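Enquirer: my questions concern the predicted model and sequence given below.
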Amino acid sequence: MRRFVVAIALLLAAGTMVSAQLPPQPPPVASPLGQGNEEERAACHPDVMRYCKQILKDNQDADVFAILNCLQTNRPKISNACRQVLASHGV
């Protein structure tokens, strides 16, 4: 039993030393699309409210990617101004 405890202690110590030698992780990357500037948000706001209302209703903190997916799904129906915003971001 004593050997078992010593073996566990050694494994835990080795694991701690190995993880201490790993380089620090970079901070999370923000969405490449971001939230857009004020004009871009204004251009797409009516389309989001019209076509993505259910996403906002289901999740008050809907993420950018859920809304973007909704706009892409409804791309033929969204306004030209919002289509231009999406295109300017390479979407």
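Expert: Structure received.
Enquirer: packing partners for the helix or strand that contains Ile55?
Expert: Using DSSP states H and E, Ile55 falls within helix 53-58. Using 3 or more Cβ pairs under 8 Å, 6 or more residues apart in numbering; DSSP states H and E as the contact definition, the elements that helix 53-58 packs against are helix 64-73. In this view, the C-beta of every residue, glycine as well, is placed from N, C-alpha and C.
Enquirer: buried set for the next helix or strand after the helix it packs on?
Expert: Next in sequence after helix 64-73, counting helices and strands by DSSP H and E, comes helix 80-88. Within helix 80-88, the residues scored as buried using 16 or more other Cβ atoms under 10 Å are 82-83, 85-86.
Enquirer: out of those residues, which is nearest to Gln72?
Expert: Leu86 (7.4 Å; Cβ to Cβ).
Enquirer: okay, the closest one: pLDDT?
Expert: Residue-level confidence at Leu86 comes out at 92, pLDDT.
Enquirer: residues contacting it?
Expert: Taking Cβ atoms under 8 Å, 6 or more residues apart in numbering as the criterion, Leu86 is in contact with 44, 68, 71-72, 75.
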